[in-house]
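Visitor: sharing a model that was predicted from the sequence below.
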Amino acid sequence: MAAGPQTGTFAPRTSVEQVEEGHELAPKFDADGLIPAVTTDAATGEVLMLGYMNAEALGLTIATGEAHYWSRSRACLWHKGATSGLVQKVVELRIDDDQDAVWLRVSIEGSASCHVGYRSCFYRAVEVAGGGPSLRFVEHEKTFDPRTVYGDAPNPTRL
């Protein structure tokens, strides 16, 4: 289970006005101590991934300028690119109106963000018209071979 907010790391949430219009970072983590993080390429605007951060990951992202997440599948802190070298450098970090979601605009050291080998984790489109939902690849080539990059490390995808 993810760690909850660390006392003293972020401002306490004291009023709607403070949260929506103030200058204090007072994120609202969910019951598991997580906040969703949408990550896009700073140069193109392309959505690269959706991850989650606990208070420690958000704090480390702010302190280091590199994206850190909480891996729900592995139940551990995750410095994006520590294994693959595909580090996400934060160009800008935004928080939404009620401070319960973050948006990272990043530059990538390398050409991809997805552990499957594609540039974006959103490499397939869902066909919504017709005989039922099916998937269509919008990225047709992997930018790297996951077996070469990750070796025999366990795949984070869980069934």
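Guide: Yes, it's here. Only a predicted model underlies this, so the values are computations on that prediction, with no experimental measurement involved.

Visitor: neighbours around residue 147, how many?
Guide: 10 (other CB atoms under 10 Å). C-beta: built from backbone N, CA, C; applies to glycine.

Visitor: doesn't it fall inside a strand?
Guide: No - under DSSP: H, G, I helix; E, B strand; the rest coil, residue 147 sits outside any strand and is assigned helix.

Visitor: residue 91 - how many residues pack around it?
Guide: 14.

Visitor: residue contacts, the closest residue in space to it that isn't next to it in sequence?
Guide: The shortest distance from residue 91 to any non-neighbouring residue, by CB to CB, 6 or more residues apart in numbering, is to residue 42 (3.9 Å). Listed by CB atoms under 8 Å, 6 or more residues apart in numbering, the contact set of residue 42 reads 91, 92, 105, 106, 107.

Visitor: repeat that with 10 Å
Guide: Residue 42 makes contact with 88, 89, 90, 91, 92, 104, 105, 106, 107, 108, according to CB atoms under 10 Å, 6 or more residues apart in numbering.

Visitor: can you say which of the residues you listed are buried?
Guide: When these are checked for burial by 16 or more other CB atoms under 10 Å, the buried set is 88, 89, 90, 104, 105, 106, 108.

Visitor: next, format the residues you listed as CSV and append distance to residue 50 and pLDDT.
Guide: Converted to CSV, the buried ones among the contacts of residue 42 look like this (distance: CB to CB, whole Å; pLDDT from 0 to 100):
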residue, distance to residue 50, pLDDT
88, 13, 96
89, 19, 97
90, 16, 97
104, 11, 98
105, 14, 98
106, 13, 97
108, 16, 90
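
Visitor: sort out for me which of the residues you listed are in helices.
Guide: Judged by DSSP state H, helices contain none of those.

Visitor: name the SS class of the residue nearest the centre of the chain, please.
Guide: The C-alpha lying nearest the average C-alpha coordinate of the chain belongs to residue 51 (CA atoms, centre = their mean; 3.1 Å). Classification of residue 51 using three-state DSSP returns strand.

Visitor: so it makes contact with residue 73?
Guide: No - between residue 51 and residue 73 there is no contact under CB atoms under 10 Å: 11.1 Å.

Visitor: who touches both of the two?
Guide: Counting by CB under 10 Å, 6+ apart, residue 51 and residue 73 have no shared contacts at all.
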